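**Q** Sequence and predicted structure below; questions after.
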Amino acid sequence: MNKGTKAKYVKRTQKDYTMAFKLKVVEEVEKGELSVNAAKNKYGIQGDRTVTNWLRKYGNFDWDNQTPSHMPKSKDQKILELEQKVKLLEKQKAFLEHQAERSDKKAIFFDMMIDMAEKEFNIPIRKNSLPEQSSDSEQIKKKQ
């Protein structure tokens, strides 16, 4: 082997890892040019899980579904995935509609309670003058 082609081991610190360096290592591992351990040894990466963490953060592999995102999917797989997404979105929509309805009911209930308290104790609870408050706060700011 030529001396120029042999990779030189360089001990690195965490501060040496630039984004470009991380992306280069991830690209080489994903292309199959290097294994995780080979990349670690070639570039002098000290941490055992450092390259794996970079693959999770910056790689093309879908770690949630455990399928590479660059692999072509059949039409049936795409349809199944879209159906699952639709079901998930429908569940989320139903939940959010329920939350909105519940919030509306709470607002109505609290308004009724305030009305009852104002009548029973004969005191104003709600603040009626919102525009005046904003002008008062502007005047206070000018004085300071």
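**A** All right, it came through fine. Residues are numbered from 1 along each chain as shown.

**Q** Tell me which helix or strand the residue nearest the centre of the chain sits in.
**A** For the chain, the residue nearest the mean C-alpha position is residue 57 (11.9 Å; CA atoms, centre = their mean). In the assignment (DSSP states H and E), residue 57 maps to helix 50-58.

**Q** helices or strands next to that helix in the packing?
**A** helix 19-31, helix 36-43 (3 or more CB pairs under 8 Å, 6 or more residues apart in numbering; DSSP states H and E). C-beta here means a position set from N, CA and C on the backbone, and glycine is covered the same way.

**Q** Enumerate the positions of that helix that are buried.
**A** 50, 51, 54, 55 (16 or more other CB atoms under 10 Å).

**Q** surely the last one meets residue 26?
**A** Yes: here residue 55 reaches residue 26: they are 5.7 Å apart, a contact under CB atoms under 8 Å.

**Q** Can you give me the distance of residue 116 to residue 78?
**A** Residue 116 is 57 Å from residue 78, where distance means CB to CB, to the nearest Å.

**Q** Residue 123 now?
**A** 63 Å.

**Q** higher neighbour count, those two?
**A** residue 78 (11 against 8; other CB atoms under 10 Å).

**Q** Tabulate the helices and strands packed on helix 50-58 in CSV, adding columns for mean neighbour count and mean pLDDT.
**A** Shown next, in CSV, are the helices and strands packed on helix 50-58 (neighbours: other CB atoms under 10 Å; pLDDT from 0 to 100):
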stretch, mean neighbour count, mean pLDDT
helix 19-31, 15, 87
helix 36-43, 16, 89
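
**Q** Columns distance to residue 85 on top of these, output as a markdown table?
**A** Formatted as a markdown table, the helices and strands packed on helix 50-58 follow (distance: least, CB to CB, whole Å):
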| stretch | distance to residue 85 |
| --- | --- |
| helix 19-31 | 25 |
| helix 36-43 | 31 |
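
**Q** Could you measure from residue 51 over to residue 76?
**A** Counting by CB to CB, the gap from residue 51 to residue 76 is 34 Å.
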